[in-house]
Structures are given as C-alpha cells and as structure tokens.
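K.L.:
dropping the sequence and predicted coords here.
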Amino acid sequence: MRVTFLGTGAAMPTGERFQTGLLLEDPDGEADPLLVDCGSGALHGLARTDVGYANIGTVLLTHHHLDHVSDLMPLLKARWLAGEIDLEIVGPEGTQDLLEDLLAAHDYMEGRFELTFREVEPGTFSVAGYDVEAVETIHSMYCLAYRFETAGATFTFSADTEACEAVSELAEGSAVLAHDCSFPDDIDVDNHPTPAQLGESLAGRDVGRVYLTHLYPHTDGHHDEMLESVRKSFDGDVRMARDGLTVSVTRQ
C-alpha cells in the first residue's frame, strides 16, 4: 500500500499546507485508488499525483467539517470536465444529505453526475477493495477513524480526535499511523491532542511508524519539540507529515 499526504494542514491556512486529504494506492492491484477526505487544496495535491482526480472512483469521508470536505464540489466539477461523472461517496451519517445540499446550492451541477452514496458506522466494511475498520473519535463533530488493510499491509488514520483509547487500540499492529496532532503542548485545547497526550495514548502500542498531521499554524517552529514530546512516552518512530509525502506501507 502507498499513502500520499495530499494535505497536512488544518482549518487555519498558512500557505504551506493544504487541508486534509489522503490518497491510498495498492500497487498489487487488489484495491483501487481511494481518496480519504477532501479539504481545501486536496484537489490540487491530487492533481500532482500520477493517479490524478480523473482516476478516483471512491471518496471516503471521516467527518463533515469544512477543512475535510471543502474540495468535494471542485472535485466533482473537475471530474465532470474530464468526462468522468461516476463517483462513490462514503462517510458517516449525513454524507448523502451534505452532498445533495451542496449540489442544490450549485444548481447548474445538479443532474450531471451518477453518484453512489454509502453511509457507514463503527465496525468493519469494505471500501474500494480495502478492508476497513472504523471507530468513533472524540471530536466536536461526529467523526470516524479508519484502519485500512490490503495484501497484509495496515494503515490507520485517526481523523480528528483527542488522544483516546479507541483510536490507539485501532492502530495496534499498524505499519503506519497518521494521527492528528494539531497543537504543541503549551496550547490548552480539546477535540485535538497535544503531543504529550498523544504519546501517552500510544505508550506500549505496536505501531511501526507515526506521522503527525492536521497541523495548525501554532505548530510552526515547534516540530522538533513536538516529536520529542511524543517520544517521551511512545518508544517508536515518530515523524512530521508534509504535503506530497508518499509513504510505503508494508507488512508489520
């Protein structure tokens, strides 16, 4: 499996990072390219990949905050202009209403697409050929974290969440975990973890590598100290994610 970070920023742009988007690929061909979340700029990040937006058949959403969905309509229009009108959109409850309301607000786009909707809950299911397990996170909006597996390779994405047992347990045994780490330790915050909180939640977990993502401007200049803070409790490989980074996910 390959994971490309299309956007590693958050709701306050810095000009350095797009908002959240991930591209999953399976070089073995057992699963199709999958777009996970589609925040502002993620479409540009996707256009820079070999897959591109025309070859995405499925989008999986973690939740409906703007910094995770704001490029959905631009994605639809770009695909339409490229001659692609079919798209499966998967996400938590309310995903179909969200897209239909957006299309109603842009009525010139209504009736131009053949969209398939699927709403998912915590548990196991399949998306685009990936075996997926989902758990609810701790966030200000209903949100799901996902664990993906194909050909024995496992990748977990926390989505937006406080550091919590459910997500760290979901990540157990993953070769790669991409986890929300929005602020440095000196920021008093809820709905997202600080590095110290994240490290404590991952202590003792078997995770091959952790990438910190969903980075607010407050983290600028603090990356090294954030990594060290996580490592104080989690004895593993911890790195900062960046836009355009592609990671190979192999068997643990």
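P.N.:
Perfect, I can see it now.
K.L.:
what about the protein, any weak spots by pLDDT?
P.N.:
By pLDDT under 70, the low-scoring segments of the chain are 252.
K.L.:
in it, which spans are strands?
P.N.:
For the chain, applying DSSP state E gives strands covering 2-7, 21-25, 34-36, 58-60, 86-91, 114-119, 123-127, 130-136, 144-150, 153-157, 176-180, 209-213, 237-240, 246-248.
K.L.:
make CSV out of these and add mean neighbour count.
P.N.:
All C-beta spots, glycine's among them, are computed from the backbone N, C-alpha and C. What follows is the strands of the chain, written out as CSV (neighbours: other Cβ atoms under 10 Å):
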stretch, mean neighbour count
strand 2-7, 24
strand 21-25, 25
strand 34-36, 27
strand 58-60, 24
strand 86-91, 19
strand 114-119, 14
strand 123-127, 13
strand 130-136, 19
strand 144-150, 24
strand 153-157, 25
strand 176-180, 27
strand 209-213, 23
strand 237-240, 16
strand 246-248, 13
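K.L.:
dump those to CSV, plus distance to L43.
P.N.:
CSV is the format used below for those (distance: least, Cβ to Cβ, whole Å):
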stretch, distance to L43
strand 2-7, 8
strand 21-25, 8
strand 34-36, 9
strand 58-60, 11
strand 86-91, 13
strand 114-119, 17
strand 123-127, 20
strand 130-136, 21
strand 144-150, 21
strand 153-157, 19
strand 176-180, 19
strand 209-213, 18
strand 237-240, 23
strand 246-248, 17
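K.L.:
wait, M73 sits on H106?
P.N.:
Yes: judged on Cβ atoms under 8 Å, M73 makes contact with H106 at a distance of 6.3 Å.
K.L.:
which of the two has more neighbours?
P.N.:
Higher neighbour count among M73 and H106: M73, with 17 against 11, using other Cβ atoms under 10 Å.
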